[in-house]
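Peer 1: Fold the following, please.
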Amino acid sequence: MEDNFNIMYNEISKLKGNKEGGLEKQYDEIKEEQAETMAKGIMKLDRVFADFEKKAEQSQSKCETQIKIMKKEISRSNTENEREIVDMNKRIKKSAETISTMQKQVEALQLEKLQSVIKQEVIDYMRKEISAQYDQLEKHKKKHKDCLLYTSPSPRDLSTSRMPSSACKKKKKKK
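Peer 2: I've put the predicted structure just below:
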């Protein structure tokens with residue numbers, strides 16, 4: 001048992017000795033290792049953050065460049081669109097003038113056609129009227145034959161009577 005006691009005493013003494021000088025040393029060593037590890041980690045983080053900041057600045061610079069390019073393109077596009085709108089307005093105005101001219105031509109053609117139709121109707125009406133009047137004249141002619149009444153003796157007609165009936169008969173004979 002004494003041996004066990006001595007072993008335990010020695011172990012306790014070692015622990016006490018470690019506690020008094022060795023544990024602090026180990027603690028300090030661990031602290032130093034942790035401090036070095038932390039310092040290395042902080043340095044790594046500093047590098048990462050520096051790279052990140054550098055990349056962020058580059059990205060921001062690229063974005064600003066892209067924004068400038070897009071603004072120029074939009075400006076150019078707006079200018080082109082404005083020109084196209086002006087050109088379209090000119091074409092629309094020209095088309096409107098052309099349509100107006102064509103409408104006037106159509107109206108003139110329609111007027112000419114209408115006048116032509118009216119003229120033709122007037123001509124047809126006049127032909128019918130003339131034809132009707134001619135027919136009436138012919139009927140009237142048939143009803144009333146030519147008859148000359150002599151009121152005085154004619155030098156050519158000394159041998160014939162002065163009576164109208166004889167003059168009418170003579171005319172009939174000549175035909």
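
Peer 1: Show me where the protein has its helices.
Peer 2: Counting by DSSP state H, one finds helices in the chain at the ranges 2-17, 23-143, 164-174.

Peer 1: So which of the ones you listed is the most surrounded?
Peer 2: helix 164-174 (a mean of 12; mean count of other C-beta atoms under 10 Å). All C-beta atoms are positioned from the backbone trio N, CA, C, and that covers glycine.

Peer 1: about what we covered before: okay if I get the helices of the chain as a markdown table plus mean pLDDT?
Peer 2: Formatted as a markdown table, the helices of the chain follow (pLDDT from 0 to 100):
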| stretch | mean pLDDT |
| --- | --- |
| helix 2-17 | 65 |
| helix 23-143 | 87 |
| helix 164-174 | 49 |
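
Peer 1: Ser116 and Lys31: what is the separation?
Peer 2: To Lys31, Ser116 is 120 Å away according to C-beta to C-beta, to the nearest Å.

Peer 1: With Ser77 instead?
Peer 2: When C-beta to C-beta is applied, the distance between Ser77 and Lys31 equals 66 Å.

Peer 1: Ok, Asn81 next?
Peer 2: In this view, Asn81 and Lys31 are 71 Å apart by C-beta to C-beta.

Peer 1: cool, Ile7 as well?
Peer 2: If you measure Ile7 against Lys31 using C-beta to C-beta, the figure is 32 Å.

Peer 1: can you check Lys94 too?
Peer 2: Between Lys94 and Lys31 the computed distance is 91 Å (C-beta to C-beta).

Peer 1: what do you get for Glu138?
Peer 2: Glu138 sits at a distance of 151 Å from Lys31 (criterion: C-beta to C-beta).

Peer 1: Over to Asp51?
Peer 2: Noted for Asp51: a distance of 30 Å to Lys31, by C-beta to C-beta.

Peer 1: Please apply the same query to Ala56.
Peer 2: In this structure, Ala56 and Lys31 are 36 Å apart, going by C-beta to C-beta.

Peer 1: Over to Arg127?
Peer 2: Between Arg127 and Lys31 the distance, using C-beta to C-beta, works out to 135 Å.
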